[in-house]
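Asks: Quick one, structure for this:
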Amino acid sequence: MDIKGQTAMVTGGARGIGKAIAESLARKGVNLAVADISLESAGETAKELESFGIRTLSLRLDVSKSGDVSRAFEDLIKEFGRLDILINNAGITRDSLILRMKEEDWDSVIDINLKGVFLCSKEAIKVMVKQRYGRIINIASVVAFMGNPGQANYSASKAGIIGLTKTTAREYASRGVTVNAIAPGFISTTMTDALAENIKQDMLKSIPVGKFGSVDDVANAVNFLASPENGYITGQVIHVNGGMYM
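Replies: Numbering: from 1, shown residues only. Sure, this is the predicted structure:
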């Protein structure tokens with residue numbers, strides 16, 4: 001599964017799962033555009049990735065703003081000349097029960113988590129169709145399938161990503177562009193590390209393998225779907241959740 005020399009963009013790539021995905025691709029020799037709402041954080045991550053002998057570009061990107069997205073993709077093409085892999089990872093949470101959820105919290109989560117995938121995919125497809133090659137990988141969530149109290153906005157946004165993934169896959173399969181999604185379960189991050197021990201234990205009871213996933217588990221699934229050899233896989237959702245949802 002050789003992707004050395006290809007070019008990828010990772011949105012929300014400065015930290016957490018996005019950073020792990022970017023690093024995993026960098027280890028395989030993929031040139032990277034690290035896009036994040038914080039240009040400083042994107043620059044720090046891009047600088048770290050240069051140690052793998054690749055070319056990098058750091059971009060300040062609000063994925064919910066069409067103007068930001070257009071400019072980011074223009075800068076990427078100026079720098080690299082092509083785009084082979086897009087990882088739509090940027091996302092936020094604004095948790096609350098439905099009766100207490102503010103309309104602006106609903107809107108902001110839908111705009112960034114779902115509209116952002118639409119805007120970035122649209123720009124990427126313009127490039128990939130001309131190349132007649134591309135891999136788009138959207139980061140969804142197990143809650144798109146199971147729901148989660150207090151996350152009506154987040155669950156809806158991630159469920160929307162699944163429908164968007166399947167439709168985009170159907171529209172551009174004949175042009176050499178595959179579109180798939182990855183739905184992580186409970187992944188060890190700074191957020192889960194901060195949870196009380198009793199909450200962690202309750203969460204673990206719902207996971208058959210008996211442990212939280214790692215960011216590398218998600219990155220490994222990305223590497224699989226990003227490979228040129230997997231051009232016959234499109235419109236699919238890869239569940240990375242330790243058996244929590246089957």
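Asks: use CA for all of it now, contacts and neighbours both
Replies: Will do.
Asks: Which secondary structure element of the protein has the lowest mean pLDDT?
Replies: helix 190-193 (a mean of 70; mean pLDDT, DSSP states H and E).
Asks: how far out from the middle of the chain is that helix?
Replies: The chain centroid and the centroid of helix 190-193 are separated by 19 Å, computed with CA atoms, centre = their mean, to the nearest Å.
Asks: Can you give me the buried ones in the next helix or strand after it?
Replies: Next helix or strand after helix 190-193 toward the C-terminus (DSSP states H and E): helix 197-205. Under the neighbour-count criterion of 16 or more other CA atoms under 10 Å, helix 197-205 has 200, 204 buried.
Asks: who's in contact with helix 197-205?
Replies: Residues from elsewhere that reach helix 197-205, judged by CA atoms under 8 Å, 6 or more residues apart in numbering: 192, 210-212.
Asks: In ChimeraX, select just the buried ones from these.
Replies: Here is the ChimeraX command that picks out the buried ones among the contacts of helix 197-205, judged by 16+ other CA under 10 Å:
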select :211,212
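Asks: Same list (the contacts of helix 197-205) but as JSON lines, adding secondary structure.
Replies: Listed next are these as JSON lines, based on DSSP: H, G, I helix; E, B strand; the rest coil:
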{"residue": "192", "secondary structure": "helix"}
{"residue": "210", "secondary structure": "coil"}
{"residue": "211", "secondary structure": "coil"}
{"residue": "212", "secondary structure": "coil"}
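Asks: Can you list the buried residues in stretch 234-245?
Replies: Under the neighbour-count criterion of 16+ other CA under 10 Å, stretch 234-245 has 234-242, 244-245 buried.
Asks: again with stretch 102-112
Replies: Residues of stretch 102-112 classed as buried under the neighbour-count rule (16+ other CA under 10 Å) are 105-106, 108-112.
Asks: Stretch 158-174 too?
Replies: Result for stretch 158-174 [16+ other CA under 10 Å]: buried residues 158-162, 164-166, 168-169, 172-173.
Asks: Tell me the confidence at residue 66?
Replies: pLDDT, residue 66: 98.
Asks: One more: residue 196?
Replies: Residue 196 is given a pLDDT of 78.
Asks: swap in residue 1?
Replies: According to the prediction, residue 1 has pLDDT 69.
Asks: Which of the residues in the host helix or strand of residue 48 are classified as buried?
Replies: Residue 48 belongs to helix 39-49 when assigned by DSSP H and E. For helix 39-49, the neighbour count (16+ other CA under 10 Å) marks 39, 41-43, 45-46, 49 as buried.
Asks: coming back round to it: and the two most separated of the buried residues of stretch 234-245?
Replies: Spanning the widest gap among the buried residues of stretch 234-245 are 234 and 244, at 23.3 Å by CA to CA.
Asks: Nearest residue to residue 101 in space, please, no chain neighbours.
Replies: Spatial nearest neighbour of residue 101, excluding adjacent residues (CA to CA, 6 or more residues apart in numbering): residue 95 at 7.6 Å.
Asks: which residues in this structure form strands?
Replies: For the chain, applying DSSP state E gives strands covering 7-11, 31-36, 56-60, 85-88, 134-139, 177-184, 237-240.
Asks: Dump those strands into TSV; add distance to residue 73 and mean pLDDT as well.
Replies: Listed next are the strands of the chain as TSV, based on distance: least, CA to CA, whole Å; pLDDT from 0 to 100:
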stretch	distance to residue 73	mean pLDDT
strand 7-11	9	98
strand 31-36	10	98
strand 56-60	9	98
strand 85-88	11	98
strand 134-139	14	98
strand 177-184	17	98
strand 237-240	26	98
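Asks: Which residues outside stretch 37-54 are in contact with it?
Replies: By CA under 8 Å, 6+ apart, the residues outside stretch 37-54 that reach it are 12-15, 19, 23, 26-27, 29-36, 56-62.
Asks: Give me the distance between that stretch and the centre of its chain.
Replies: Its chain's average C-alpha position is 17 Å from that of stretch 37-54, according to CA atoms, centre = their mean.
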